[in-house]
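*Asks:* Build the 3D model from these lines:
(chains A, B and C)
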Amino acid sequence: MNIKPKVGVVSCSGECCGLGTLSRVATRLVLEDVRAEDTVTICLPLFLAGSEQEREFAREFPTIAVDGCHKLCAKKAIEKYSASTAASVDVEAILEEWREKAPSDRREMDSVGIRLAERIAEVIAEKVDKVRGDA
Amino acid sequence: MAENSFEFKIDKWVFHVPRERYYNENDSWVTIDGNIATVGITDFRQTMVGDIIFVELPEPGKAVEQFDEAGSYESNKTLLDLISPISGVIKEVNEKLIDKPELVNHDPYGDGWFIKVEIKDFVSNKENLLNAEGYFDYMKRKAEEENKKLKGIL
Amino acid sequence: MGKKTLIIPCSGIGKAFGSIGRDATFRVVDELRPEKAETNCLSLLVMGDEDAKRQVQMSRCIAVDGCSFECSKKNIEMAGGTVSAHFRVMDLLRNHRDLKPTTVTFLDENGVKLSKFLADEIAEKVDELEVEAE
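*Replies:* Numbers count the residues shown, from 1 in each chain, chains lettered A, B, ... in the order given. Below is the predicted model of the structure:
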């Protein structure tokens, strides 16, 4: 029986703006609902502050970076401390493509923001499937 | 993890089981030094429980039987009793855990010890304990069953 | 020193504690003390962004951590900053044992209450640090 390993999904922490919150919520939706069985999260700050565990996982298992904006902190940090990412999601770029605006409130998400997060979660899920060879 | 240990990896979690200890199925460990036993909880247990925010310790001088409650620990998710793997009299408790309960999470086999017990009868207690290999097998089965819960930890 | 106090939450994505710290930080910088406090992305420090590092080095920093891994505190210090005050959500829970949060993505009632308590404490600290600096 060939057991497929889980895919790591790493979100930027994104305190600066609504894009970061969108990135975080979309990632959480993937982890707890949309692809709950197939994914595991790695906490980005632990890459530096934690033990080797997080960095080793990102080296050994396919990891998807989910970034709120063009700065691509999660992607760059993973590549700096572990290995290349298996896939990358730039939420800012996706919203531009969809001609959608980022939520203005970075603390609380309204129903429009939640719906956007759900759509982005689907984008992340597709990448998870592709990485696992399920697509 | 300096001590010689078995290791079990599941996704990003690595669980250590030091070879030179005894264990029970409540995920407590015990080491013996002369007639003093030191007791704590395993790496697997501290991971499953999550961040420990309170520890309650018994009074030194209290008698404890094998499988008795000998303190408790509480995380955001749950409150559990420390089940003593050993019978005897409690000689010392780790008071550092009162202010720094996170020692249990960060160093479950070292600074995160709970109690020291003056042993009454280790020979008969030992019959009810697992060696490292036995606990490792038991833990692996439990970890695989509880895989879903691990996601809720981090 | 920068004019505003810089508050950096860990925003730990795996635990309720991270969400609470993040929420509390936003309450402080957006509602309670917008003239006196600001925040920035911890991710930028992890990535090694030079502007973010400079900001940390030039500011009074408050680290808001969820748990005992203390990612915010450690990353601030690794970036050359000084942590003038440190909060851990798990410590707050020790004083509010009946408010155990159960959700991570969106805060539940207990999470919101804890966030508000924490935000008040952080805001007071912002005031204290400002007075000390004068």
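
*Asks:* can you give me the helices for chain C?
*Replies:* Using DSSP state H, the helices assigned to chain C run over residues C:16-26, C:42-47, C:50-58, C:71-78, C:89-95, C:109-133.

*Asks:* Among those, which comes closest to chain B?
*Replies:* Comparing the helices of chain C against chain B with Cβ to the nearest Cβ, the closest turns out to be helix C:89-95 (5.4 Å). Every residue, glycine included, has its C-beta placed from N, CA and C.

*Asks:* at contact distance from chain A, anything in the closest one?
*Replies:* No: shown here: helix C:89-95 not in contact with chain A (Cβ under 8 Å from any Cβ of the partner chain), separated by at least 14.0 Å.

*Asks:* send the alpha carbons of that helix over as CSV?
*Replies:* Coordinates of each C-alpha in helix C:89-95 appear next as CSV, following Å, rounded to 0.1, in the frame of the first residue of the first chain:
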residue,chain,number,x,y,z
VAL,C,89,-1.5,34.3,25.8
MET,C,90,-1.1,31.0,27.7
ASP,C,91,-0.2,33.0,30.8
LEU,C,92,-3.3,35.0,30.5
LEU,C,93,-5.3,31.8,30.4
ARG,C,94,-3.8,30.9,33.8
ASN,C,95,-5.6,33.9,35.2
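
*Asks:* residues contacting the residue nearest to the spatial centre of chain A?
*Replies:* Against the mean C-alpha coordinate of chain A, by Cα atoms, centre = their mean, the closest residue is A:Val66 at 3.0 Å. By Cβ atoms under 8 Å, 6 or more residues apart in numbering or on different chains, the contact list for A:Val66 reads A:Val9, A:Val10, A:Ser11, A:Cys12, A:Ser23, A:Ala26, A:Thr27, A:Ala74, A:Ser88, A:Val89, A:Val91, A:Ile124.

*Asks:* show me which of the residues you listed neighbour chain C.
*Replies:* Answer for the contacts of A:Val66 near chain C (Cβ under 8 Å from any Cβ): A:Ser11, A:Cys12, A:Thr27, A:Ala74.

*Asks:* pretty sure B:Asp68 contacts B:Ile86?
*Replies:* No: shown here, B:Asp68 and B:Ile86 do not form a contact pair, counting by Cβ atoms under 8 Å, at 9.7 Å.

*Asks:* which of the two has more neighbours?
*Replies:* Neighbours per residue (other Cβ atoms under 10 Å in any protein chain shown) separate B:Asp68 from B:Ile86, with B:Ile86 holding more: 29 against 15.

*Asks:* That one should be in a strand, yeah?
*Replies:* No: assessed with DSSP: H, G, I helix; E, B strand; the rest coil, B:Ile86 is coil; it does not lie in a strand.

*Asks:* Show the contacting residues for it.
*Replies:* Counting by Cβ under 8 Å, 6+ apart, B:Ile86 makes contact with B:Val30, B:Ala37, B:Val39, B:Val64, B:Gln66, B:Val117, B:Ile119, B:Phe122, B:Asn125.

*Asks:* Check B:Leu82 too.
*Replies:* Taking Cβ under 8 Å, 6+ apart as the criterion, B:Leu82 is in contact with B:Ser28, B:Val39, B:Ile41, B:Glu69, B:Ala70, B:Gly71, B:Ser72, B:Tyr73, B:Phe114, B:Ile115.

*Asks:* Which residues are in contact with the third one?
*Replies:* When contacts are counted by Cβ under 8 Å, 6+ apart, B:Ile41 touches B:Asp27, B:Ser28, B:Trp29, B:Val49, B:Tyr73, B:Leu82, B:Val104, B:Pro108, B:Gly112, B:Phe114.

*Asks:* Okay, and the beta partners of it?
*Replies:* B:Ser28 (DSSP bridges).

*Asks:* Look up how far chain A lies from B:Tyr135.
*Replies:* Using Cβ to the nearest Cβ, to the nearest Å, one gets 21 Å for the distance from B:Tyr135 to chain A.

*Asks:* Chain neighbours aside, what residue packs nearest to that residue?
*Replies:* The shortest distance from B:Tyr135 to any non-neighbouring residue, by Cβ to Cβ, 6 or more residues apart in numbering or on different chains, is to B:Tyr23 (3.6 Å).

*Asks:* Please look at the one you found and B:Glu133 and confirm they touch.
*Replies:* No: counting by Cβ under 8 Å, B:Tyr23 stays clear of B:Glu133, with 10.1 Å between them.

*Asks:* Direction included, what does the host helix or strand of the residue nearest to the centre of chain A pair up with?
*Replies:* Assigned by DSSP states H and E, A:Val66 belongs to strand A:63-67. On the basis of DSSP bridges, the sheet neighbours of strand A:63-67 come out as strand A:7-11 (parallel), strand A:87-90 (parallel).
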